[in-house]
Each structure stands twice: as C-alpha cells, then as structure tokens.
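A.B. asks: Fold the following.
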Amino acid sequence: MAKEPLDKLRRLKQTDEIWEGSFKIARTWITKKKQPPHRPFIALFVDDTGRVLVSQMFEEYPTTDMIWELLCKAMRRPMFGAGRSRRPAKVCLAHKEYVEALTSKLESIDVRCEFRQTLPALTEAFAAMESWLNRGQELLPGLLSIHGMTPPLIGHLYTAAAEFYQAAPWLVLNDNHPIEIRYPPDAPARFAVVMGSGREVYGISIQDSENDLQHMYDNVEERDLTQEMSWMALFFERAIAMSFDDLDDLARYGWPVQGENAYPIFGRTRPGNQIGLPTRQDLLWLAGALPACVTYFKQYMKKSPHPKELELTVSVLGNKEKVYLGFPGVALETYSGVEPGHPESGRRGRGAAKQRSRRRIIERNLRRALLEDGPLVQDLFEYELEEHIDDYLRSKRQDNDKYFLAVTENRNHVAILLIDEDEVVHVNEDAREALKTLWKDLYQQNLEKMIPDMARELDTGYLYIAGIKVVDSRSRK
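C.D. replies: As a prediction, this is how the structure comes out:
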C-alpha cells in the first residue's frame with residue numbers, strides 16, 4: 001500500500017512550479033462549549049503565484065506524516081481555483097525537520113525539497129487567512145513593536161509582573177490606598193492604585209498626576225472618565241485577552257506567567273474605553289516602578305506601623321536604580337449626599353460614582369453595537385448566551401411571545417440573540433437585522449427606550465432578556 005500512492009503521484013503531470021509550505025500556530029481562538037479556548041495550528045501550501053493549494057487546521061502540533069498527507073492532497077486535489085492536479089518541480093518548506101523527513105519521498109516522485117527560512121508568498125497567504133479568521137478585525141500589535149523595546153526589557157517587565165501577581169497586593173490594598181511613585185526620585189509623581197479587592201479585575205492602574213488621581217475619585221454624575229482621561233494599566237487575564245504577538249513572543253523567549261488567569265497585559269486607555277499599547281516612556285517607567293512596588297508588597301506592606309515613604313533600590317537590566325514610594329493614605333473625600341469628613345462620605349461617593357460610570361459604559365457599548373452597527377462578538381455569545389437557548393425557548397412558549405430577545409455585555413463586548421416566531425435562533429448581526437425587519441421604522445425609537453433598561457439590568461450582573469409580542473396596528477381603534 002505504501003507504493004500505490006507514490007505511483008499515483010508520479011503519474012501526475014509535472015510543472016516547473018515552486019511550491020511553498022509551512023504551518024504555524026494560528027492567530028485566532030477556537031472556543032468550544034465547556035472547553036477552554038485554544039489556538040489551533042494551521043498548515044498551508046501555495047503555488048508560486050500565491051494561490052492556496054490546500055489548507056488545514058490541526059488541534060495538535062502536526063507530525064511529518066500529517067504534513068506529507070497534506071502535501072499529497074495539494075498535488076492530487078488542489079482547492080477550487082488553484083488549478084488541476086499536478087506535481088511541482090520543487091517544494092520549499094520552512095521547517096528543517098520536515099525537509100529531512102520528506103526529501104526522500106519527494107525525490108522518489110522527482111520533486112526536489114529545500115529548506116527556506118523566508119517564504120514570501122506563504123507569509124502573505126497566512127496573513128490573508130488569519131484576517132479572514134478574525135473577520136477583518138485589526139489585531140493589537142505586541143509590546144516589541146513599540147520603538148526602542150527589546151526582548152530583555154520586556155522580559156524584565158514580565159518577570160516583575162509575575163512577582164506582582166504572586167504578591168497578591170489586592171488582598172490587603174484597595175482603591176483607597178494610592179501609592180505615589182517617583183522614578184527617578186526627582187521626577188514628577190505618578191499614582192498607582194491596586195485593582196482586585198472587588199475580585200473583578202486584578203492588576204494596577206497608573207494615574208499620570210495628582211490631578212488625574214483626584215479626578216478619578218471625584219463624584220460628578222455626568223463625568224465620564226473614559227472620555228476625559230487616559231491612564232496606564234497592568235491587568236491580569238486569560239491568554240485569550242492578550243495580543244497574539246505578545247503570546248508568540250512569550251513562548252519564544254520563555255517569559256514567566258503565574259497561571260492561566262495571570263497573563264500580564266500592559267496597556268493605556270484610549271477614548272471610548274478602549275485599551276491600546278502603552279507608550280515607550282510608560283514601559284521604561286514601569287521597568288523601575290514595578291519592581292519597587294513588588295519589593296514594597298513583599299517586605300513592607302504588612303508591617304506596622306506602616307511606612308509613610310520609602311526610597312528603594314531596584315535592579316533594572318543589571319543597573320541599580322532608585323525609586324521613591326509615598327503613601328498619602330485614604331484618598332481625598334468626595335461628596336455623596338453626606339457632609340465632607342463623615343466616615344461614609346468617601347467610600348459611598350466613590351462606590352456610587354463607579355457604579356454610574358460603569359452603567360454609562362455599558363449603555364454606550366450597547367448603543368454602538370445596536371444603533372451604530374458596531375461589532376458583535378461570537379465568542380461572547382457562545383460564552384454567555386448559547387447554553388441558555390433551551391430555557392429561552394421554554395420561556396417564549398410559556399409566555400406565548402412571538403419573539404424572544406437576550407442581550408449581554410462583558411468587558412466592552414456585546415452579543416445578542418433573537419428567537420423568531422418560527423423558533424429560529426438568530427445570533428449577533430443576524431439577530432440585529434431580524435430586529436430591524438421586525439420593527440422597521442420603529443427600530444431606533446424602540447431601542448432608545450430599551451437600552452437604559454438593558455444597561456441597568458446588565459450592570460447588576462444579570463443577562464437582559466425580554467419576550468416580544470407583536471400587535472397588529474390595524475386592529476387598534
């Protein structure tokens with residue numbers, strides 16, 4: 001049986017083409033119900049015009065047998081639009097081990113095999129396929145794309161971030177305990193606030209000035225911090241939240257991560273509550289400030305009496321650097337319907353301000369997704385809505401609703417589900433279009449009324465669900 005496939009391949013017409021082939025871990029996530037998300041391997045072969053001859057995803061690192069079978073498929077049955085069955089004159093592979101394993105087989109059918117580190121046509125094909133897999137969404141570049149950043153410096157930051165997570169300062173500190181940081185000691189102060197005491201987002205946010213810190217604590221009902229301010233942050237998340245560039249660099253250089261929920265994400269907020277890359281100066285500052293915070297967390301945080309200020313010496317890529325830390329104590333008071341100085345004034349005011357701010361963010365995200373045709377996220381639908389479909393169908397039948405609507409928002413992403421009168425389940429963009437068809441000219445008006453209620457419900461931690469009945473306007477008197 002081993003000879004028969006080779007005989008068939010040898011009988012194929014041979015061209016003077018040079019094919020390129022390789023595989024890589026894909027820049028996309030596969031999310032299956034009740035399974036952790038994972039990145040598959042994707043393998044491609046292209047001809048010398050860049051046409052994709054064959055492609056396949058693998059759940060595991062592909063063996064040489066898998067790559068050989070894929071190459072045979074490219075010769076026997078290339079994809080539609082990639083030409084007829086044929087043998088190339090040469091196959092160029094980007095992995096030496098596969099060249100060594102496949103050379104003898106290819107030579108037996110008069111095809112040469114070479115190793116090439118750079119394969120331009122294949123690189124372009126990979127980029128096009130990944131763009132398709134990510135629905136054209138622009139991917140966030142990695143930290144090494146920032147001018148002046150080097151692997152040793154980013155590795156230093158990852159090490160400090162891992163030690164930060166291990167120290168778990170959120171078990172002791174909350175947002176009433178800002179830390180004044182000057183690096184170097186004669187530089188302007190920045191202010192760090194530990195996140196995680198509320199068990200939602202873990203990490204640290206950095207305000208660029210005392211005014212920004214005060215602004216964060218102010219209780220002004222109509223103020224939206226995400227529109228008026230920019231701040232730096234390090235927060236810890238699952239791998240799925242990271243830049244693919246950073247994930248690939250993390251694997252390449254062996255940088256440390258403390259656990260599946262502890263992948264460090266360095267960013268700076270942008271208008272609209274979007275997270276973008278930090279600046280070069282942000283990262284250079286963190287290179288000294290973050291190890292100083294870690295030293296404080298490990299050596300001084302639980303000491304009594306608590307130090308009012310410290311000047312610490314830390315190592316930054318082999319250089320000794322001094323960093324000043326100050327502890328201004330409980331944050332400045334805010335007004336919340338009680339007199340300034342009352343024990344409840346600061347705590348209640350900040351909590352109410354954060355709640356209102358969060359609700360406004362949810363409402364803005366809903367408006368963008370539902371009224372401005374913004375993006376809707378399939379992963380979020382699968383994570384929060386898909387498992388409830390049977391319950392939604394039962395509720396629709398029990399209440400005799402014509403339609404059933406479910407909406408969720410999580411970390412600035414939105415997903416929606418609509419079950420129509422025939423019990424067909426519509427998801428995200430399809431659901432939005434179905435609603436537009438149902439409501440016609442009233443679509444905008446109805447959602448303007450519903451979105452504030454959606455935001456209030458989602459802000460409490462529940463999904464928004466609603467049965468929809470249809471009234472025939474001709475029956476009204």
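A.B. asks: C-alpha only now, for contacts and for neighbours.
C.D. replies: Will do.
A.B. asks: For the most centrally placed residue in the chain, which non-adjacent residue is spatially closest?
C.D. replies: Relative to the mean C-alpha position of the chain, the nearest C-alpha, by CA atoms, centre = their mean, is the one of A241, at 2.8 Å. Once its chain neighbours are removed from consideration, A241 has its nearest residue in I265; the separation is 8.0 Å (CA to CA, 6 or more residues apart in numbering).
A.B. asks: I'd say the one you found and I240 touch.
C.D. replies: No: at 10.9 Å, I265 and I240 do not qualify as touching, with contact defined as CA atoms under 8 Å.
A.B. asks: Neighbour count: these two, which is higher?
C.D. replies: More neighbours sit around I265 than around the other of I265 and I240, counting by other CA atoms under 10 Å; the figures are 23 against 19.
A.B. asks: list the contacts for that one?
C.D. replies: Contacts for I265 (CA atoms under 8 Å, 6 or more residues apart in numbering) come out as 234-237, 241-242.
A.B. asks: any chance you could map the helices in the stretch 201-350 of the chain?
C.D. replies: Across the stretch 201-350 of the chain, reading from the start of the chain, the helices by DSSP state H, counting those that start in this stretch fall at 210-217, 225-228, 244-253, 280-299, 345-370.
A.B. asks: element containing E138?
C.D. replies: Taking DSSP states H and E as the criterion, E138 maps to no regular element, lying outside all helices and strands.
A.B. asks: quick one: it from D373, how far?
C.D. replies: Computed as CA to CA, to the nearest Å, the E138 to D373 distance reads 17 Å.
A.B. asks: Looking at these two, which is more packed in?
C.D. replies: Neighbours per residue (other CA under 10 Å) separate E138 from D373, with D373 holding more: 12 against 8.
A.B. asks: Of the contacts of I265, keep whichever come out buried.
C.D. replies: Restricting the contacts of I265 to buried positions leaves 234-237, 242, with burial counted as 16 or more other CA atoms under 10 Å.
A.B. asks: looking at the helices of the stretch 201-350 of the chain, which has the lowest confidence?
C.D. replies: Per-segment confidence across the helices of the stretch 201-350 of the chain bottoms out at helix 225-228, which has a mean of 56 in mean pLDDT.
A.B. asks: how about low-confidence regions in the stretch 151-300 of the chain?
C.D. replies: The stretch 151-300 of the chain contains residues with pLDDT under 70 at 217-228, 271-273.
A.B. asks: again, 90 this time
C.D. replies: Within the stretch 151-300 of the chain, the ranges that satisfy pLDDT under 90 run 168-177, 196-201, 209-231, 269-276, 298-300.
A.B. asks: where along it do the strands fall?
C.D. replies: Residue ranges of the strands in the stretch 151-300 of the chain, as given by DSSP state E, counting those that start in this stretch, are 179-182, 190-195, 202-207, 232-237, 263-270, 274-276.
A.B. asks: quick check: domain ranges of this structure?
C.D. replies: Per the record, the chain has its domains at 3-133, 143-332, 355-475, by automatic domain parsing.
A.B. asks: Please tell me how far L290 sits from D249.
C.D. replies: Counting by CA to CA - L290 and D249 are separated by 21 Å.
A.B. asks: Compare those two (neighbour count), which wins?
C.D. replies: Under the neighbour definition other CA under 10 Å, L290 and D249 were set side by side, and L290 has more, 25 against 18.
A.B. asks: who's in contact with that one?
C.D. replies: Listed by CA under 8 Å, 6+ apart, the contact partners of L290 are 157, 160-161, 164.
A.B. asks: Quick check: it vs V172, distance?
C.D. replies: Between L290 and V172 the computed distance is 17 Å (CA to CA).
A.B. asks: can you check L119 too?
C.D. replies: 53 Å.
A.B. asks: Who has more neighbours out of these two?
C.D. replies: Shown here are L119 and V172; by other CA under 10 Å, L119 has more neighbours (16 against 13).
A.B. asks: So for that one, what pLDDT did the model give?
C.D. replies: Taken from the predicted model, the pLDDT recorded for L119 is 89.
A.B. asks: pretty sure it contacts E20?
C.D. replies: Yes: using CA under 8 Å as the test, L119 is close enough to E20 to be in contact (6.7 Å).
A.B. asks: neighbours of P37, just the number please.
C.D. replies: P37 sits with 16 neighbouring residues when counted by other CA under 10 Å.
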